[in-house]
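>>> Just the structure for this:
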Amino acid sequence: MNDLKELTENKSIWLLYGLAGILTIIVLYHQWIIGTVLTTVLAILIYFTYRTEARNKQKTENYISTLSYRVKKVGEEALLELPYGILLFNEDNQIEWANPYMNDYFDDDQSLIGEPLSYLSETLLNAVKDQDQETWISLGEKRFQAIIKNQERLVYLFDRTEQVELEHTYDNERAVIGVIFLDNYEELTQAMDDTSKSHLNSEVTSILNNWSNDYGIYLKRTSQERFVAVLNKEILTQLEKNKFEILDDVRELISDQNVPLTLSIGIGRGSTDLPELGDLAQSSLDLALGRGGDQVAIKDESGRVKFYGGKTNPMEKRTRVRARVISHALRELVRESDKVLIMGHLTPDMDSIGSSVGILKLAQQNGKKGYVVFDPDGVNTGVQRLMDQIGEHESLSDWFITPEDSLDMVTKDTLIVVVDTHKPSMVMEERLLNKTERIVVIDHHRRGEEFIEEPTLVYMEPYASSTAELVTELLEYQDGPLKLDILEATSLLAGITVDTKSFTLRTGSRTFDAASYLRSKGADTVLVQNLLKEDIDVYVKRSELVKNATVYQEGVAIAKGLKDEDYGAIIIAQAADTLLTMSNVSAAFAIAKRKDGKIGVSARSLGEVNVQIIMEKMNGGGHLTNAATQLEDTTIEQVEEQLKEIIDDYFEGGDES
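Numbers count the residues shown, from 1 in each chain. Alright, predicted model coming up:
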């Protein structure tokens, strides 16, 4: 009965037969003749049902047997003819089996069996060793997605060449927006007659139009000094590859005509919408101009920025009108505040202290209390001499407070003035920046990616010799007669003197004007020299650092400190300055371990080499001729090797940053 049930998929008929059998027995008991007939009929039905089910079972078994064969046959053919690669490898990462699809990619008809996975791709071998589940490899001109089954030691390879090419094409066609600005155009053309101005416009427009036609860029002039460019990522890649030679073309043409006009370009790129690309382009242009112009800034939606150009020293591009406007704007901000807190950068130098003293005087001139946020720890010898002088000056020393005290004094109506830096990570007390929305930034460094968020007023002039020079001009335009005592004027003059290396570097006519103004207010040049004097042991230590210098490339000198010796930041900088005074040296780098454990690098040049770009590649910054960086968790040898690679790239590939 159990065998019979297994032959059928419909058990209900056998239940009916069972019920019929019971009824037949009952009828047979009472009416044996009728019961006999029913028994015979029931037996016949059961017999035919059994035979039918037996035939069905045989058919099913035959079908399954045939289907199994077909499935096996299809599996074998599919395994051999599937349009993707299949590899089996052993524990030694050698190929044990490969389907014919894989062998088609090798012209020598050599079997892959027995070959290591590295024969196909080192990337695939590394992925297997790392237990990765997926990787991408190249075979000839084809791109494959490799799916790895580590437990089965099995690899599936899918040809994704068309997909990759489609993605690449789509990515290359992404829109890119650029804003082109003619630096200093308005100031230059003010003194020109119509003929000269027309000729200048014609020359510049011709160069830009030829450049845009060569690369397939849509260019539209929106004003006398501004153009808008629309291009795609593929064109941008070509421009980057050629280091934006348009900057050199404009500079060389204008130089031939003795007109100091240069070009700045801001570019926005990424997978965002057009309005945001436009905002990115304008933001990039602001960065390029903030760094002195004559360069290209490219920003994507993540905020990452790349710079090209910046070969020339920033020129004096502002007029005294701008200085007067900034001075008046700052005066109003001071008068609207309850107090003014002034802070420079960590490990302050003469420029930071001097400009802080100048802003303190500006606050007092407008009837507001001002305080200089100062950390007495970590100052160098020269600054300590200045602070000793300030400590003996009661009207000044009372206004110097510690960072902790400043946090207790700040309110939402307090004006924060940041001098000689624009990076929040470098200010004396970063927490102050979150206590008020009234923030002013005054700096002479080229603007970097890191910047104080949403300042109320920004006065950044990278052509200026020092922040002290800028502050001195702001003081000149304050209302009423300004009374600077000797120490206050001397502090500002010391800041200018240090940053210009005694008026030998980065000096313009405005630098001497500011120095002359301070001298008229009683600045003591003898006191400045006394502040700048150095100890004998400092001189000896710097000399030892210079002694270890070598010439890496023609005109490039590199000095290294001793492994077990700590050097102050000032000594490292002075060593680079000293190297620059040597004959046939146009750029100098000093590398040494600082007292805080970091490896410091100071870079100097005479203008032929843009050391700012080199230092930015090492997460530093500064000026074209004066820059530095500090690196953690590394050694002097590793930093030297990194620096040499960047120098090689700078001279061989241009000055990308």
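>>> how many other residues sit next to residue 377?
For residue 377, the neighbour count with other CB atoms under 10 Å is 6. Just so you know, the C-beta spots here come from the backbone N, C-alpha and C atoms, and that holds for glycine as well.
>>> For residue 167, see how far away it is.
Between residue 377 and residue 167 the distance is 54 Å, computed by CB to CB, to the nearest Å.
>>> What pairs with the host helix or strand of residue 630, parallel or antiparallel?
Per DSSP states H and E: residue 630 is located in strand 626-631. Here strand 626-631 has these sheet partners by DSSP bridges: strand 599-605 (antiparallel), strand 621-622 (antiparallel).
>>> so which of those strands gets nearest residue 272?
strand 621-622 (27.0 Å; CB to CB).
>>> where does residue 447 land in three-state SS?
coil (DSSP: H, G, I helix; E, B strand; the rest coil).
>>> what about it, neighbour count?
Each residue near residue 447 was counted by other CB under 10 Å, and the total is 22.
>>> Does it touch residue 458 like I think?
No - in this structure, residue 447 is not within contact of residue 458 by CB atoms under 8 Å, at 9.0 Å.
>>> which residues of the stretch 251-400 of the chain fall in helices?
Along the stretch 251-400 of the chain, the stretches classed as helices by DSSP state H, counting those that start in this stretch are 274-290, 320-335, 350-365, 381-391, 394-397.
>>> export these to JSON lines and tack on mean neighbour count, mean pLDDT and distance to residue 618?
Output for these, formatted as JSON lines (neighbours: other CB atoms under 10 Å; pLDDT from 0 to 100; distance: least, CB to CB, whole Å):
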{"stretch": "helix 274-290", "mean neighbour count": "20", "mean pLDDT": "86", "distance to residue 618": "19"}
{"stretch": "helix 320-335", "mean neighbour count": "16", "mean pLDDT": "83", "distance to residue 618": "33"}
{"stretch": "helix 350-365", "mean neighbour count": "26", "mean pLDDT": "94", "distance to residue 618": "23"}
{"stretch": "helix 381-391", "mean neighbour count": "18", "mean pLDDT": "86", "distance to residue 618": "25"}
{"stretch": "helix 394-397", "mean neighbour count": "13", "mean pLDDT": "84", "distance to residue 618": "38"}
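>>> how about a markdown table for the ones you listed, with distance to residue 493 added?
As requested, the helices of the stretch 251-400 of the chain are arranged in a markdown table below (distance: least, CB to CB, whole Å):
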| stretch | distance to residue 493 |
| --- | --- |
| helix 274-290 | 26 |
| helix 320-335 | 18 |
| helix 350-365 | 7 |
| helix 381-391 | 11 |
| helix 394-397 | 15 |
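>>> right, and those helices - which one's nearest residue 422?
Between residue 422 and the helices of the stretch 251-400 of the chain, the shortest gap by CB to CB is with helix 274-290, which sits at 8.5 Å.
>>> List the residues that are in contact with both of residue 447 and residue 458.
residue 422 (CB atoms under 8 Å, 6 or more residues apart in numbering).
>>> quick one on the thing from earlier: can you tell which of the helices of the stretch 251-400 of the chain is closest to residue 48?
Comparison of the helices of the stretch 251-400 of the chain against residue 48 by CB to CB identifies helix 274-290 as nearest, at 81.5 Å.
>>> what about the helices in the stretch 51-200 of the chain?
In the stretch 51-200 of the chain, the helices defined using DSSP H, counting those that start in this stretch lie at 100-103, 117-120, 122-129, 161-172, 185-190, 194-215.
>>> An error on my part: the question was meant for the stretch 501-650 of the chain.
Going by DSSP H, counting those that start in this stretch, the stretch 501-650 of the chain shows helices at 509-520, 525-531, 536-547, 569-580, 611-616, 636-653.
>>> For the fifth one, name the packing helices and strands.
It refers to helix 611-616. Taking 3 or more CB pairs under 8 Å, 6 or more residues apart in numbering; DSSP states H and E as contact, the helices and strands that helix 611-616 lies on are strand 599-605, strand 621-622, strand 626-631, helix 636-653.
>>> Kindly report the same for the second one.
Counting contacts by 3+ CB pairs under 8 Å, 6+ apart, helix 525-531 packs against helix 381-391, helix 486-499.
>>> which sections of this structure are below the confidence cut-off?
1-12, 14, 61-82, 103-110, 254-259, 290-292, 310-321, 378, 381, 653-657 (pLDDT under 70).
>>> Please enumerate residues in contact with the strand holding residue 630?
By CB under 8 Å, 6+ apart, the list of residues contacting strand 626-631 from outside reads 505-506, 572-573, 594, 598-604, 611-612, 614-616, 618-622, 639.
>>> ok, residue 58 - how many residues close by?
Using other CB under 10 Å as the criterion, residue 58 is surrounded by 11 other residues.
>>> and the gap between it and residue 52?
Distance, residue 58 to residue 52, by CB to CB: 11 Å.
>>> Over to residue 83?
Residue 83 is 46 Å from residue 52, where distance means CB to CB.
>>> higher neighbour count, these two?
When residue 83 and residue 52 are compared on other CB under 10 Å, the one with more neighbours turns out to be residue 52, at 12 against 7.
>>> got a list of what residue 150 touches?
Contacts were defined as CB under 8 Å, 6+ apart; by that measure residue 150 touches 128, 131, 133.
>>> Check residue 336 too.
The contact partners of residue 336, by CB under 8 Å, 6+ apart, come to 413, 415.
>>> Next, give phi and psi for it.
Torsion angles at residue 336 (phi, psi; degrees, to the nearest 10) stand at phi -90, psi 0.
>>> Relative to residue 477, how far out is it?
Separation of residue 336 from residue 477 (CB to CB): 18 Å.
>>> likewise residue 99?
Distance of residue 99 to residue 477, given as CB to CB: 82 Å.
>>> any idea how far residue 295 is from residue 246?
11 Å.
>>> Need the overlap of contacts for these two.
Residues touching both residue 295 and residue 246 by CB under 8 Å, 6+ apart: residue 265.
>>> Tell me the gap between stretch 204-213 and the middle of its chain.
Taking CA atoms, centre = their mean, to the nearest Å, one finds stretch 204-213 lying 30 Å from the centre of the chain it belongs to.
>>> Now for residue 124, how many residues are close by?
Around residue 124 there are 25 other residues, counting by other CB under 10 Å.
>>> How about the one 4 residues further on?
As a burial measure, the neighbour count of residue 128 was computed by other CB under 10 Å and equals 19.
>>> I'd like the numbering to begin with 27 instead of 1 from here.
Sounds good: first residue 27 from here, last item residue 154.
>>> That one contacts residue 118, doesn't it?
No - at 11.1 Å, residue 154 and residue 118 do not qualify as touching, with contact defined as CB under 8 Å.
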